[in-house]
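**Q** Structure for this input, please:
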Amino acid sequence: MMKERKTKRRCVKRSGGAVFSSAREDLISTLPDALISQILLYLPTKEAVRTSVLSSRWKSVWLLIPKLDLDSKQFPDHNAFMGFMEKFIDISREHKSCLHKLKLRVHQNGSDQSCVTPWIDFVARRKLKHLDVECLSVKRDQYLEVIPLSLYICDTLVYLRIHGVSFGLFESISLPRLKTMCLEQNAYASEKVLESLISSCPVLEDLTIVRRTHDNVKVLRVHSQTLTCLSVGFDSGESDEAMHSYSKGETRLWIDAPRLKYLYLENEVSKSKVISNTGSLVKVSFVDSCSYPSDEFAVSKQQIVRDFFTAISRVKDVTFSKSIMKLIWAYLQVQPLPWFCNMSCLEAEFSRSDVNILSTFLERCPNLTSIVLDSISFSRLPQCLLSSLEIVEIKSRFTGRSVEIKVARYFVENSLVLKKLVVHLSDSMQKRSLVHLRDLLALPRPSNCQIVYVVDS
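**A** Coordinates of the predicted model:
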């Protein structure tokens, strides 16, 4: 009797005579397929596919999700990955469903069958908005996949990231909605292919190009009337020998983007750089981590430095790496640096041997208000900066050495309008560093000046 009572549905009578069951019901399954697919959209693809085992009704609901995010390493082997994608495409074709977002990470060796090209062709014809494809080949210089012609005329595409493929010739191109494009370690049929791909995007705002020395592009031309953010550099995996050999050729970077605000150049070793129409530039970052054979190479890049510094002389925010100091030195052998009267923020890496070069550069920045330094190898700043600096950050770990205390004391006691001094402490030496920091905090300083410490793990 007790067992029977437990299995009965309990009913609760509410006002108005309505009777509601308190038993748990599968309310999600009562929703229409379109709404369920929107719920599954918030799950990783792998988890969404698992819902197909719940019931016959759920078997194909996940196929209606307008996104697909897959990594071939999640499958037993490449054939299993291909089989899944082919099945997905067949069912999508049958249901006439549209995939708005596709993200694929494909690992291939020399014997794997080419497969990505037809998949991109399929989705590009079906209102695709977001495409992210990364092809990773065991053989570094082998491009297994070719971009299909249908992608060049995808009028719904908004975001495009392509890594490790080949861009062939095309008769026409139309990407009227593309706003963000990332081209990483690809090969191009010609320089014109890449140039046309960039210039034919009428609303492009954000462009990233990660190059390789064998991408078949000697002169990179970036021409865009709408571009606001540009990042250009070379693959960090390239050898110093390959980079040095490339830079000795007739290589060139040409940028014409009147609305450009943010420019990032990383390991960009083209022999000549021409940056025109720079009136809108706000921030420039020049990071060069390559180790070049000798100082003779720096001298050979005088034209790079001349064009580069002239182009950014009106920029407000600049970041330099250590190797740029060699280029500044090469420039100074020919003529004085231009004035950087608009520059208000500077982040610079330098070694002890570069202290005088940095000081010379700072003398040309009379209105600098914020400076971030990775080292404290010098103890004096140009006098003009003492009346303009408001924020100083020293990234090298503060351990209490006499030179560190001397530099910090110099900023606090001499900077007339200093508002904040940021020092970094080592986690392992935090207690010892704080003892010396207390002495720094006790120094007389402008009334509104803060001394802030950051503990680095």
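**Q** Which of the helices and strands in this structure ranks last by mean pLDDT?
**A** Ranked by mean pLDDT, DSSP states H and E, the weakest helix or strand in the chain is helix 295-299, scoring a mean of 40.
**Q** what about the closest residue to residue 116 other than its chain neighbours, distance to residue 200?
**A** Computed as CB to CB, 6 or more residues apart in numbering, the closest residue to residue 116 that is not its neighbour in sequence is residue 145, at 4.4 Å. In short, each C-beta sits where N, CA and C put it, glycine included. Remark: distance between residue 145 and residue 200 (CB to CB, to the nearest Å) = 22 Å.
**Q** and these two? which has more neighbours close in?
**A** Shown here are residue 145 and residue 200; by other CB atoms under 10 Å, residue 145 has more neighbours (22 against 17).
**Q** wait, doesn't that one sit right on residue 121?
**A** No - with contacts counted by CB atoms under 8 Å, residue 145 stays clear of residue 121, the gap being 11.0 Å.
**Q** For the stretch 1-150 of the chain, just list every one of the helices.
**A** 2-7, 33-40, 45-50, 78-95, 116-124 (DSSP state H, counting those that start in this stretch).
**Q** residues contacting the closest residue to residue 344 other than its chain neighbours?
**A** Once flanking residues are discounted, residue 344 sits nearest to residue 369: 4.7 Å by CB to CB, 6+ apart. For residue 369, the contact set (CB atoms under 8 Å, 6 or more residues apart in numbering) comprises 344, 345, 388, 389, 390, 391.
**Q** one more time with 7 Å
**A** Contact partners of residue 369, counting by CB atoms under 7 Å, 6 or more residues apart in numbering, are 344, 388, 389, 390, 391.
**Q** Need the pLDDT of residue 276.
**A** The score at residue 276 is 78. That number is its pLDDT.
**Q** In the stretch 1-150 of the chain, where is pLDDT below threshold?
**A** Within the stretch 1-150 of the chain, the set of residues satisfying pLDDT under 70 comprises 1-65, 110-112, 138-144.
**Q** in the host helix or strand of residue 196, what's buried?
**A** According to DSSP states H and E, residue 196 maps onto helix 191-199. For helix 191-199, the buried set under the neighbour-count rule, 16 or more other CB atoms under 10 Å, comprises 193, 194, 195, 196, 197, 198, 199.
**Q** Also stretch 359-369?
**A** Neighbour-count burial for stretch 359-369 [16+ other CB under 10 Å]: 361, 362, 363, 364, 365, 368, 369.
**Q** As CSV, these with pLDDT would be great.
**A** Below are the buried residues of stretch 359-369 laid out as CSV (pLDDT from 0 to 100):
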residue, pLDDT
361, 88
362, 89
363, 89
364, 90
365, 91
368, 93
369, 94
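**Q** For residue 392, which residues are in contact?
**A** So residue 392 contacts 371, 411, 418, 421 (CB under 7 Å, 6+ apart).
**Q** Helices - which of the residues you listed land there?
**A** residue 411 (DSSP state H).
**Q** Now that we have the contacts of residue 392, can you turn them into JSON lines and tack on pLDDT, neighbour count and distance to residue 209?
**A** Output for these, formatted as JSON lines (pLDDT from 0 to 100; neighbours: other CB atoms under 10 Å; distance: CB to CB, whole Å):
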{"residue": "371", "pLDDT": "92", "neighbour count": "22", "distance to residue 209": "30"}
{"residue": "411", "pLDDT": "82", "neighbour count": "23", "distance to residue 209": "39"}
{"residue": "418", "pLDDT": "89", "neighbour count": "21", "distance to residue 209": "40"}
{"residue": "421", "pLDDT": "88", "neighbour count": "21", "distance to residue 209": "38"}
